[in-house]
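Chemist: Just need the structure, nothing else, for what follows:
(one chain, ligands or ions: 1)
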Amino acid sequence: MLSAPDPPLSDGVVTLRLPEERDLAAIERGIADPDVIRSFGRPTLTAEQLLELNRRRWDEGVGATFAICDAANDCVGHVFVNLGDALRGSIGYWLLPEARGKGLATRAVRLLSRWALRDLALARLGLSAEPWNFQSQRVAERAGFRREGILRSYAEIDGRRVDYVSFSLLPGALEQRLS
Ligand SMILES: CC(C)(COP(=O)(O)OP(=O)(O)OC[C@H]1O[C@@H](n2cnc3c(N)ncnc32)[C@H](O)[C@@H]1OP(=O)(O)O)[C@@H](O)C(=O)NCCC(=O)NCCS
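Modeler: Next up is the predicted model:
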């Protein structure tokens, strides 16, 4: 079982809180967005099912999904960390189209990375983006992740094999960046 940070993670512009029922319309739009589909595949769950799945993942201690919230505390996207073996985590995110181009994903990834490496005591945080997804790669770099190389034919999304650019952030780098 994972405990949500209390108080919620915030940098004064972006707040990360647990997804709630009032986010359902935003989640529904998010999972149907063509850019989100291109990265994550066509949705196989409804927004309600996704909310339920993400709650279960918190309870089972296998993943932590947060709503990325603006100043009005409205959900404008999701950022999540999936937990693996050997103290590894991998991070992912999406924003609604109108929330892009403002630095909100970078802020969310910085907040989540710091929490995952410190409070969850992870030894490695990974982040993967497809080679064409320069926006996502820029988010990774701005948030302090280091590019490692290309994982060829690493995953399958909607029936196509995809390469990933692999990034990682280690606790030491985070300390250096904050000091
Ligand atoms: C990937 C994704 C989240 C990136 O969103 P984004 O808005 O480009 O990323 P950020 O929130 O970090 O914003 C950075 C952009 O805002 C601009 N910006 C504006 N004000 C800013 C500020 N105060 N601080 C930082 N950046 C700011 C930056 O210049 C940058 O734009 P640029 O890349 O054209 O230079 C978004 O494109 C998305 O949801 N895509 C679909 C899902 C997806 O691909 N997810 C990732 C799967 S690996």
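Chemist: Any residues of this structure in contact with the ligand? List them.
Modeler: Residues of the chain lying near the ligand by Cβ under 6 Å from any ligand atom: 35-36, 39, 92-95, 100-106, 129, 133, 135-136, 138-139. All C-beta spots, glycine's among them, are computed from the backbone N, C-alpha and C.
Chemist: again, only this time at 8 Å
Modeler: 13, 33, 35-36, 38-40, 77, 92-97, 99-109, 127-130, 133-136, 138-139, 142 (Cβ under 8 Å from any ligand atom).
Chemist: From those, which land in helices?
Modeler: Of those, the ones assigned to helices by DSSP state H are 35-36, 38-40, 104-109, 134-136, 138-139, 142.
Chemist: Can you turn the buried subset of those into a selection I can paste into ChimeraX?
Modeler: Buried residues among those (16 or more other Cβ atoms under 10 Å), as a ChimeraX selection:
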select :36,39,104,105,106,107,108,109,136,139
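Chemist: what comes up buried for the helix or strand containing Ser90?
Modeler: For Ser90, the enclosing helix or strand under DSSP states H and E is strand 88-95. Residues 89-95 are the ones in strand 88-95 that count as buried (16+ other Cβ under 10 Å).
Chemist: out of the residues you listed, who's nearest Gln49?
Modeler: Nearest to Gln49, judged by Cβ to Cβ, of the buried residues of strand 88-95 is Trp94 at 16.8 Å.
Chemist: and the closest residue to the ligand within the chain, how many neighbours does it have?
Modeler: The minimum distance from the chain to the ligand, using Cβ to the nearest ligand atom, falls at Gly103 (2.4 Å). By other Cβ atoms under 10 Å, the residues close to Gly103 number 13.
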